[in-house]
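Asks: structure of the sequence below:
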Amino acid sequence: MDIEELKKKIIYRSNYRGTKEMDKLMGSFTKKYINKLSKNDLLDLEKLLDTDDDTLYNFYNGTNTTVDFEKNNINNLFKNYKFIDQ
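Replies: Down below sits the predicted model:
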């Protein structure tokens, strides 16, 4: 899969998560960073998108989760992302 195809897949998956809140959060996060990421970061973002909405929301808000998240650039960026709903 080439990088542009991977980006399109990630953009789609980030905007159609299942819950409106996570659609907005992940969609805006992806929009902000998608063109600044390396291929490895894109692959890590794709893995992050495999996480269910509740777990991802809890991770973002610093609540306990049953999933151990890797320490990588994407998870750090997401954890520290300041979402502003417009």
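Asks: please make it C-alpha for all contacts and neighbour counts, starting now.
Replies: Will do.
Asks: where does the prediction get shaky in the chain?
Replies: 1, 86 (pLDDT under 70).
Asks: count the neighbours of Ile3 for me.
Replies: Residue crowding around Ile3 was assessed by other Cα atoms under 10 Å; the count is 12.
Asks: gap between the helix or strand that contains Glu46 and the chain center?
Replies: Element membership for Glu46 (DSSP states H and E) is helix 39-49. Chain-centre distance of helix 39-49: 8 Å, with Cα atoms, centre = their mean, to the nearest Å.
Asks: after that helix, which helix or strand is next?
Replies: Following helix 39-49 in sequence, per DSSP H and E, is helix 53-61.
Asks: and that following helix, what's buried?
Replies: Going by neighbour count (16 or more other Cα atoms under 10 Å), the buried part of helix 53-61 is Asp53, Leu56, Tyr57, Phe59, Tyr60.
Asks: same deal with stretch 42-56?
Replies: Quick answer for stretch 42-56 (16+ other Cα under 10 Å): Leu42, Leu43, Asp44, Leu45, Glu46, Leu48, Leu49, Asp53, Leu56.
Asks: just to revisit the earlier point, what's the helix holding Glu46 in contact with?
Replies: Outside helix 39-49, the residues that touch it by Cα atoms under 8 Å, 6 or more residues apart in numbering are Ile3, Leu6, Lys7, Ile10, Arg13, Ser14, Ile34, Asn72, Asn73, Ile74, Asn75.
Asks: nearest to Ile84 among the residues you listed?
Replies: Ser14 (16.3 Å; Cα to Cα).
Asks: quick one: contacts for that closest one?
Replies: Per Cα under 8 Å, 6+ apart, neighbours of Ser14: Asp23, Met26, Gly27, Thr30, Leu49.
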